[in-house]
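Peer 1: Provided below are the primary sequence and the corresponding predicted coordinates.
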Amino acid sequence: SGETGDDESSAKNGPSAKTTDPKETVRLTGAFHNGMKKVLSCLESAPWTAITPQQLNYAKQQELNLQKQQKSSKKYLPPPTPEELEMYTQKRWNSVLHFLVGSTGEEDPPEAVVTFLEKTGLMQEDPDWTRSNA
């Protein structure tokens with residue numbers, strides 16, 4: 001009979017489960033099959049061995065150490081206040097304005113800002129001008 005052939009096949013190739021499509025067969029790995037047999041026939045509440053209190057305490061301590069390490073490496077500064085933001089943006093804007101008119105005594109804007117001004121056509125390099133001529 002067909003069932004005997006299936007039993008022989010599962011003994012050779014591992015257990016299988018039939019799907020609704022007779023051409024499809026799902027095969028379980030030997031390790032999974034043996035694990036399921038162990039779990040189903042085991043009198044223990046869990047298929048894995050119990051850990052000792054010392055092992056549990058060690059694992060908890062490792063987790064605490066990891067959390068402390070992560071907290072200490074992620075110290076962020078508090079966000080700036082509205083007044084600090086206003087002062088910062090005003091200082092940056094003034095540096096751009098003074099740079100555009102060639103004033104000295106003010107900090108130059110970052111190179112990225114100068115490049116932006118040149119690429120957008122808001123400023124172009126004057127080959128005859130130097131800061132010492134200002």
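Peer 2: Noted; the coordinates are in hand.
Peer 1: pLDDT below threshold where in this protein?
Peer 2: Across the chain, the stretches falling below the confidence threshold (pLDDT under 70) are 1-20, 22, 45-48, 72-74, 129-134.
Peer 1: Give the next helix or strand downstream of the helix or strand hosting K37.
Peer 2: The secondary structure element spanning K37 is helix 30-41 (assigned by DSSP states H and E). For helix 30-41, the succeeding helix or strand toward the C-terminus, using DSSP H and E, is helix 53-73.
Peer 1: Let me know the helix or strand that W93 is in.
Peer 2: Assigned by DSSP H and E, W93 belongs to helix 82-101.
Peer 1: For that helix, what is the distance to the chain centroid?
Peer 2: 35 Å (CA atoms, centre = their mean, to the nearest Å).
Peer 1: who touches that helix?
Peer 2: Contacts to helix 82-101, defined as CB atoms under 8 Å, 6 or more residues apart in numbering, come from residues P80, G105, E106, E107, D108, P109, V113, V114, L117, L122, M123. For glycine as for every other residue, the C-beta is placed from the backbone atoms N, C-alpha and C.
Peer 1: so how many other residues sit close to the first one?
Peer 2: Read it as P80. Other residues within reach of P80, judged by other CB atoms under 10 Å, total 11.
Peer 1: That one falls within a helix, correct?
Peer 2: No: the secondary structure assignment for P80 gives coil rather than a helix, going by DSSP: H, G, I helix; E, B strand; the rest coil.
Peer 1: Nearest residue to it in space, please, no chain neighbours.
Peer 2: With CB to CB, 6 or more residues apart in numbering as the criterion, P80 has its nearest non-adjacent residue at 7.1 Å, and that residue is Y88.
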